[in-house]
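**Student:** Fold the following.
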Amino acid sequence: MIPSDFIAFPTGNLCNADAAVRPLISQIKPLLPGRRIAGRARTVRITPGQNGAIHRAVHVANPGDVLVVDGGASDRFGPFGDLLADGCKAKEISGAVFDCTIRDSADIAALGFQVFCRGYHPEPTAKDDPGEIDVAVNVGGVSVSPGDIIVGDDDGVVVIPAQSAENVLRKVAQVAEREDAIRARILAGETTYDIFELDH
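**Tutor:** Numbering: from 1, shown residues only. You can find the predicted model right below:
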């Protein structure tokens, strides 16, 4: 199992597959519609108004990682902007998830770098608080540990605990197969009312 294996499956299918899959709150939305991401969590905790830990996390990140930032659900400040996005692209980071606002959204979108966040705010940040990286964080109401699998699409972001990943991947493939079979029956003329036997 590699994290990119999960990119084939919508977040809805992943949630259907296993209760271990946890969705973030809906306020955390994608910057780029239609761009799905999947990778291992590179976790960060910052104090609102600070971003030093984000710079450190990008510095040590591996290709394919997803930056996951606990920004305290702040609706102020822009701790992540176009220069950090450039750095993420150079390190081949798959995407980023922020429980806070970001800045330079148009420039980041132009880079094609997918970010999920609470919105946008231009206020600058400082770098004198070191914050923390590679620790358990709480993002969007979900606990995320370093190495957990993160999948994001137009419907939102889900977290798959690392220890459950193999099982979830096996079960989500079964979910997708069932949906394909149901779709074939619908196209053949049946209705979902009949298929799900809802007459009782």
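**Student:** which residue ranges form the helices in the chain?
**Tutor:** 11-17, 52-60, 82-90, 105-111, 165-187, 192-195 (DSSP state H).
**Student:** Confirm for me that V158 is in contact with P23.
**Tutor:** Yes. The pair V158 / P23 is scored as a contact, 5.0 Å apart, by CB atoms under 8 Å. Yep, even glycine has a C-beta here, placed from its N, CA and C like the rest.
**Student:** Mutual contacts of these two, please.
**Tutor:** Common neighbours of V158 and P23, using CB atoms under 8 Å, 6 or more residues apart in numbering, are T11, C15.
**Student:** what about these two, which has more around it?
**Tutor:** V158 (25 against 19; other CB atoms under 10 Å).
**Student:** now the strands for the chain?
**Tutor:** Here the chain has its strands, by DSSP state E, at 22-23, 29-30, 37-45, 66-74, 95-102, 115-117, 119-120, 132-133, 137-139, 142-144, 149-153, 156-160.
**Student:** Dump those into TSV; add mean pLDDT as well.
**Tutor:** TSV is the format used below for the strands of the chain (pLDDT from 0 to 100):
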stretch	mean pLDDT
strand 22-23	98
strand 29-30	98
strand 37-45	98
strand 66-74	98
strand 95-102	98
strand 115-117	98
strand 119-120	98
strand 132-133	98
strand 137-139	98
strand 142-144	98
strand 149-153	98
strand 156-160	98
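**Student:** quick one: which of those is nearest H59?
**Tutor:** Proximity to H59, assessed across the strands of the chain by CB to CB, is greatest for strand 132-133 (9.3 Å).
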